[in-house]
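Engineer: What shape does this take:
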Amino acid sequence: MVKLGTKSDGATARDVGTDFVAKDNGNVGIGTDSPLVSAILDLTSENKALLITRVPNTSAIAVPENGMLIYDIANKCIKVYQSNSWSDCLGTLTSPMISGLNCASATQTGSVVSGSSVNGVYISVPYTGGNGIAYSSQLINSTGVTGLTAVLNSGILTNGNGGNFIFTISGTPIGSGVASFLFAFGSYSCTFTINVNGAGAVSVLDCAGSTPTGTLTAGVASSGVSQTVSYTGGNGGAYPSQSVSSSGVSGLTASLSAGSVNNGSGSVVYIISGTPSSAGTAQFAITLGGSSCSFTRTVNSPSATVTSLNCSSGSYSPSSANQNVAYTGTATIPYTGGNGNSYSAGAGISSTGVTGLTATLQAGTLNSGAGNLTYTISGTPIGSGTANFAITFGGQSCTFSLPVTAAITIPTSITLAQNRVHLIASIYDQDYLPYTAPTVPASTNVQAADGSNEAITINVQGTLTTTGVTVRIPVTATASNTLPAYSTTVNVPANLTEDGISRNVTLSWTSQAYTSATKYITATIASVGGVLNAKKLDLNAGLGNDTLGVLLASLVYPYNNAYNTTTYQVRDISGIPDKMFGMADNTGNSTSHNMLYLPVTGEDGNTWLNNNLGAHYADTNHASFNPAQQATSATDHLAYGSLFQWGRKPDGHELITRTSATTSTTVNGTTFTQSANPTDALFIKYGGGSGNWGNGDRTIWTGVNAVNNPCPSGYRVPTTTEWSNYVTSAGITNLTTAANSILKISAGERREPDSGTIGVVGRGLYGTSNDNLSNGWGYYRYFSDTVSPLTQTLDYYKTTGTSMRCIKN
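Structural biologist: So this is what the prediction gives:
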């Protein structure tokens, strides 16, 4: 045996028990000079331990070997390398232990009131000497005041001192006083207590008179918002904390901290927190001291804010107003930095500079970023120049300006006609039979006739182009002068267009000279910026009981020197059906009269149909069907139409097929057989005498309710006087000037009374409701360019077939 070493002085031999020996059999002893034979290393001590190698983790050992032993600092345990892998921790503790428990220093959160369910109450009990081991949950029932339960959830002890056991108190205490809880943990136990207050009571809880503080906004977290609710009849008792969720508008909570009511009167304060889900009214149903009531809070829409308004880049539709003329339009004002919130319509802002106009913000929702605000502008500008509108929105302000054109001065020697109408025929209908005469105003609605589609779909897209249409405004002139130029613009909303694009429409006329002989001025109605595609209307719903369809735009213009104003309306119409539309004629054909007409206001101020009865332009069965189209010249055969025998109804005898200006074919044949009420569609030829076809009733075409009135509902055959007045008003002197009038009179020819053939080419002969008592002949209005007199009223056989133009009753 070799005994190694000395004491720390390097000279004195070691004491017994501090030996460090190595035997010749390879055994080593530390603290003993007699190591065990079977131990290569024998460590012996009564007060010292073996400190093994400590490494950060097992990865620190680059080349492990089976049998290695380490202390893993990361996992705080001893591990051994065996079977070519590191073991789990060795010798893990399993029992949680503490060295002390201090109920006397327990702390309480929240309060407890007799008879009230406990919520939000906690007890914290400190301990010392924790060993960091997990512990299980406990449940402790109260003694003294019963009905309460203390629950300790499972957890992990703190290593050493400074730990706390947290108990959650629940239940409803029965009575007041002290509730005790005996708590045991390991070998330690103690009792913690809770004071149970007597229940508070009030006689009246006054929500109706409660006082609100702060405001609430949808989508914005509540801050600084409360409700103070007063009470009477308090007993001085305690009340627990409470939280009440809102109804109506969700997302809010009214919270009351625990406390005590006064003896007598007092108040409590509910703090309102949360984020309201929407604008509206939030309601809170509260209970305190046995009394209940509800209070409400208004939740505002979120504020809309922008970082800038750019009035200088605003646009206006129409782009300008006219002095003393009613204006309706919109202003579009750009903004940046919108916050995406919605906003309500604003109050009207009166114009300055040029007064008389009001701008009103339309409700909407901001973009997140850049966008536009829309203001509607209406009123009648008083003066000319610039109408200014100072606006404030979303924390920003600016002023936009609308130009106002100075009023024109109408000379005293001219007066323009009032209440003019321009009609645009726009139709789409698959189910229009049977047709029902309208009894209510027109609309853009679809009205099914019988639920079954017809063989022919009526599909006409009515338009107003940027070139526009030339219209005539009748005038009364007493001397020569010049009418100043004029222009006005209004907007047609998108819901009245087929393509959903809003368009501006302008009425304008150039400066034009006139004399006392002038009968009309010319003006233009045009779309601005693109073609206006009028909404296609249903045939049964789009006419209306006034036969004027749907109003698209009302263009205001001055008509006299006093600057009185009137309107030129642009209207969308589905068409006026023929009297026999969808009905069988005397041949049994129910499609022969499927024709549509439009009303026009003539130079005489009366409303007439725009085409002759039976014109191919009006015929839905004809390739040239276009109800808004009128004769392009006196010899436009597509406008000639049918030829009626005086006094006969549209039974089919009148139908003519036109193939050219001089070539026509009768649809039905002829007969010499007279009849007071024919049951066939034959043309009754002259058989002698006065030339009557068999019915001598002189009133058979007189008035809208005449038994054989051939005109559509609401229209009738014009009298000789009405024809004469029209000729005079339109300044008609011959067929050519008649063709240039608003009615676009054409040379419809005539059907000879004795042969039934088509004759008198190049002339027009139109029926009236009057006849000649002396000879029994009918009266007609005659137009010609070659045979004098070129226009006149004349009488001729009633068996003659002539054109028919109807006038509104």
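
Engineer: Just give me the neighbour total for Leu152.
Structural biologist: When neighbours are counted by other Cβ atoms under 10 Å, Leu152 registers 20. To be clear about C-beta, it is placed using only N, CA and C from the backbone, and glycine gets the same treatment.

Engineer: for it, what are its contacts?
Structural biologist: Ser137, Gln138, Leu139, Ile140, Phe165, Ile166, Phe167, Phe183 (Cβ atoms under 8 Å, 6 or more residues apart in numbering).

Engineer: next one: Thr211
Structural biologist: Thr211 is in contact with Gln227, Thr228, counting by Cβ under 8 Å, 6+ apart.

Engineer: next one: Gly395
Structural biologist: Contacts of Gly395 (Cβ under 8 Å, 6+ apart): Thr305, Val306.

Engineer: how much space between it and Leu182?
Structural biologist: Distance, Gly395 to Leu182, using Cβ to Cβ, to the nearest Å: 64 Å.

Engineer: tally of neighbours for Ala282?
Structural biologist: Other residues lying near Ala282 total 25 when counted by other Cβ under 10 Å.

Engineer: show me what contacts the spatially closest residue to Ser443 that is not a sequence neighbour?
Structural biologist: Leaving aside its sequence neighbours, Ser443 sits nearest to Ala541 (Cβ to Cβ, 6 or more residues apart in numbering; 5.4 Å). Taking Cβ under 8 Å, 6+ apart, we find Ala541 in contact with Pro438, Ala442, Ser443, Thr444, Asn445, Val446, Gln447, Ser574.

Engineer: now swap in Thr466 and tell me
Structural biologist: Ala526, Ser527, Val528, Gly529, Gly530, Val531.

Engineer: so is it in a helix, a strand, or just coil?
Structural biologist: Under DSSP: H, G, I helix; E, B strand; the rest coil, Thr466 falls in the coil class.

Engineer: Quick check on it: phi, psi?
Structural biologist: Main-chain torsions, Thr466, degrees, to the nearest 10: phi -70, psi -20.

Engineer: Ser527 bridge partners, please.
Structural biologist: Val505 (DSSP bridges).

Engineer: how many neighbours does the residue nearest to Val37 when sequence neighbours are not counted have?
Structural biologist: Excluding the flanking residues, the one nearest Val37 by Cβ to Cβ, 6+ apart is Asn27, at 6.7 Å. Residues near Asn27, counting by other Cβ under 10 Å, number 18.

Engineer: what's the answer for Ser38, then?
Structural biologist: Ser38 has 7 nearby residues by other Cβ under 10 Å.

Engineer: Could you do the one 4 residues further on as well?
Structural biologist: The burial count assigned to Asp42 is 18, neighbours taken as other Cβ under 10 Å.

Engineer: Could you list the buried residues of stretch 731-750?
Structural biologist: 731-732, 734-750 (16 or more other Cβ atoms under 10 Å).

Engineer: CA-only coordinates of the helix or strand where Ser255 lies in PDB, if you can.
Structural biologist: Taking DSSP states H and E as the criterion, Ser255 maps to strand 252-256. Taking Å, rounded to 0.1, in the frame of the first residue of the first chain, the C-alpha atoms of strand 252-256 are listed here in PDB:
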ATOM      1  CA  LEU A 252     -70.400  46.600 -23.400                       C
ATOM      2  CA  THR A 253     -70.300  45.900 -19.700                       C
ATOM      3  CA  ALA A 254     -71.500  48.000 -16.800                       C
ATOM      4  CA  SER A 255     -69.400  47.200 -13.700                       C
ATOM      5  CA  LEU A 256     -70.100  48.200 -10.100                       C
END
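
Engineer: what residues does that strand touch?
Structural biologist: 216, 222, 227, 239, 241-246, 268-276, 282, 284, 286, 288, 297.

Engineer: State the mean pLDDT of the helix or strand just after that strand.
Structural biologist: Next along the chain after strand 252-256, taking DSSP H and E as the criterion, comes strand 259-260. Strand 259-260 carries an average pLDDT of 90.

Engineer: Kindly report the same for stretch 152-160.
Structural biologist: Rounded mean pLDDT across stretch 152-160 is 93.

Engineer: List the buried residues in it.
Structural biologist: Leu152, Leu157, Thr158.

Engineer: What about those residues, which are in strands?
Structural biologist: Leu152 (DSSP state E).

Engineer: ok, so of the buried residues of stretch 152-160, who is nearest Gly91?
Structural biologist: Nearest to Gly91 among the buried residues of stretch 152-160, counting by Cβ to Cβ, is Leu157 at 18.3 Å.

Engineer: Which residues are in contact with the closest residue to the closest one other than its chain neighbours?
Structural biologist: The shortest distance from Leu157 to any non-neighbouring residue, by Cβ to Cβ, 6+ apart, is to Gly130 (3.5 Å). Residues near Gly130 by Cβ under 8 Å, 6+ apart: Pro96, Met97, Ile98, Leu157, Thr158, Asn159, Gly160, Asn161, Gly163.

Engineer: will you turn those into CSV that also has distance to Gly67?
Structural biologist: Listed next are the contacts of Gly130 as CSV, based on distance: Cβ to Cβ, whole Å:
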residue, distance to Gly67
Pro96, 34
Met97, 33
Ile98, 38
Leu157, 35
Thr158, 37
Asn159, 32
Gly160, 35
Asn161, 40
Gly163, 39
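
Engineer: where does this protein have low pLDDT?
Structural biologist: Counting by pLDDT under 70, the chain has low-confidence residues at 1-18, 92-94.

Engineer: and with 50 instead?
Structural biologist: Counting by pLDDT under 50, the ranges of the chain that qualify are 6, 8, 10.

Engineer: tell me the domain boundaries of it?
Structural biologist: For the chain, automatic domain parsing gives the domain ranges 100-197, 204-300, 308-405, 414-574, 607-809.

Engineer: now, of these, which is deepest in the fold?
Structural biologist: domain 607-809 (a mean of 20; mean count of other Cβ atoms under 10 Å).

Engineer: Ends of that domain, what's the gap?
Structural biologist: 8 Å (Cα to Cα, to the nearest Å).

Engineer: what's the answer for stretch 640-647, then?
Structural biologist: Using Cα to Cα, the end-to-end distance of stretch 640-647 comes out at 19 Å.

Engineer: what's the answer for stretch 779-797, then?
Structural biologist: Across stretch 779-797, first to last residue, Cα to Cα, it's 9 Å.

Engineer: how distant is that stretch from the center of its chain?
Structural biologist: Distance, stretch centre to chain centre, for stretch 779-797: 60 Å (Cα atoms, centre = their mean, to the nearest Å).

Engineer: Check stretch 390-405 too.
Structural biologist: 25 Å.

Engineer: Export it to CSV, keeping only CA atoms.
Structural biologist: Extracted in CSV, the C-alpha atoms of stretch 390-405 (Å, rounded to 0.1, in the frame of the first residue of the first chain):
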residue,chain,number,x,y,z
ALA,A,390,-67.9,76.7,-47.1
ILE,A,391,-67.9,73.1,-46.0
THR,A,392,-66.4,71.4,-42.9
PHE,A,393,-66.0,67.6,-42.7
GLY,A,394,-64.0,65.2,-40.7
GLY,A,395,-62.0,67.9,-39.0
GLN,A,396,-61.1,69.7,-42.3
SER,A,397,-62.6,72.7,-44.1
CYS,A,398,-62.5,74.3,-47.6
THR,A,399,-64.7,76.3,-49.9
PHE,A,400,-66.0,75.1,-53.3
SER,A,401,-67.5,77.4,-56.0
LEU,A,402,-70.1,76.9,-58.7
PRO,A,403,-70.2,79.3,-61.7
VAL,A,404,-73.5,81.0,-62.3
THR,A,405,-74.1,82.3,-65.8
